[in-house]
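>>> only geometry, no sequence info:
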């Protein structure tokens, strides 16, 4: 399984590198190298931790983004997310380097890198609390799927999405793109749409989830939404 993890990280590293440096028109982009290295290093770290603590969840996290048990609407959503994410990276390469439209202060870029790390670190707490945190929306009956309501799930229904807001803001800041940051509100709306549809699926098919919705009011950020 670790071989599969390393292969997937290498492929991801290569694809994201092609998109970033190809759109920038140069490989002399320090911020992009640091962004890629941060994600690769953290991906290996989380993968090693999951391999030790929860191999079943690691297998789920390494599964394809289109699966037979997955909700049909989620297949379409994940396709749109994949295309949109690639376009987002290209936009930031064009903005920050090729055309040099944006000028983000160094301290904000550093803050962006910190936000990304906090997101990844906090996501480990999500995995610790929810061994069914698959990347797709489905009911994992073969794994004895139950409601997760401990840890961060005791405060918000979708803590991984909530922490992902740090990544969405941190990435354009780290890469130095105001245009990339301008896209974030639309991406947050997309996450909100998925959260609502995911809750509908779980409430209909997962025993105890409706009661969980009554207990935990907020989806992403306590006191906000």
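Arrived safely. Bear in mind the structure is a predicted one, so any value in this text is a computation, not a measurement.
>>> hmm, what's the outermost residue in the protein?
For the chain, the largest distance from the centre (C-alpha atoms, centre = their mean) belongs to residue 99, which lies 27.7 Å off.
>>> which pLDDT value belongs to that one?
With respect to pLDDT, residue 99 scores 96.
>>> ditto for residue 142
The model reports residue 142 with a pLDDT of 88.
>>> likewise residue 70?
87.
>>> so what's the closest residue to it other than its chain neighbours up against?
Distances taken as C-beta to C-beta, 6 or more residues apart in numbering place residue 136 nearest to residue 70, at 4.4 Å, with adjacent residues excluded. Every C-beta, even on glycine, is put in place using the N, C-alpha and C of the backbone. Going by C-beta atoms under 8 Å, 6 or more residues apart in numbering, residue 136 touches 63, 65, 66, 67, 70, 71, 74, 78.
>>> what of residue 142?
No contacts exist for residue 142 under C-beta under 8 Å, 6+ apart.
>>> go on, the one 3 residues further on?
For residue 145, the contacting residues are 132, 139, 206, by C-beta under 8 Å, 6+ apart.
>>> how close does it sit to residue 201?
12 Å (C-beta to C-beta, to the nearest Å).
>>> do the same with residue 75
Residue 75 is 13 Å from residue 201, by C-beta to C-beta.
>>> pop out the phi and psi values for residue 195.
phi -60, psi -40 (degrees, to the nearest 10).
>>> about what we covered before: check the secondary structure at the residue nearest to residue 70 for me.
Here residue 136 is recorded as coil under DSSP: H, G, I helix; E, B strand; the rest coil.
>>> okay, the contacts of residue 145 in CSV with pLDDT next?
CSV is the format used below for these (pLDDT from 0 to 100):
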residue, pLDDT
132, 93
139, 90
206, 93
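>>> report the buried members of these.
Applying a neighbour-count criterion of 16 or more other C-beta atoms under 10 Å, the buried members of the contacts of residue 145 are 132, 139, 206.
>>> out of the residues you listed, which comes closest to residue 180?
residue 132 (31.8 Å; C-beta to C-beta).
>>> just the buried positions in stretch 2-22, please.
5, 9, 16, 17, 19, 20, 21.
>>> any idea which helix or strand carries the most centrally placed residue in the chain?
Note on the chain: the residue nearest the mean C-alpha position is residue 164, at 5.5 Å, using C-alpha atoms, centre = their mean. Assigned by DSSP states H and E, residue 164 belongs to helix 159-175.
>>> helices or strands up against the following helix or strand past that helix?
The first helix or strand that comes after helix 159-175 along the chain, using DSSP H and E, is helix 178-182. Helix 178-182 is packed against helix 72-93, helix 159-175, with contacts defined by 3 or more C-beta pairs under 8 Å, 6 or more residues apart in numbering; DSSP states H and E.
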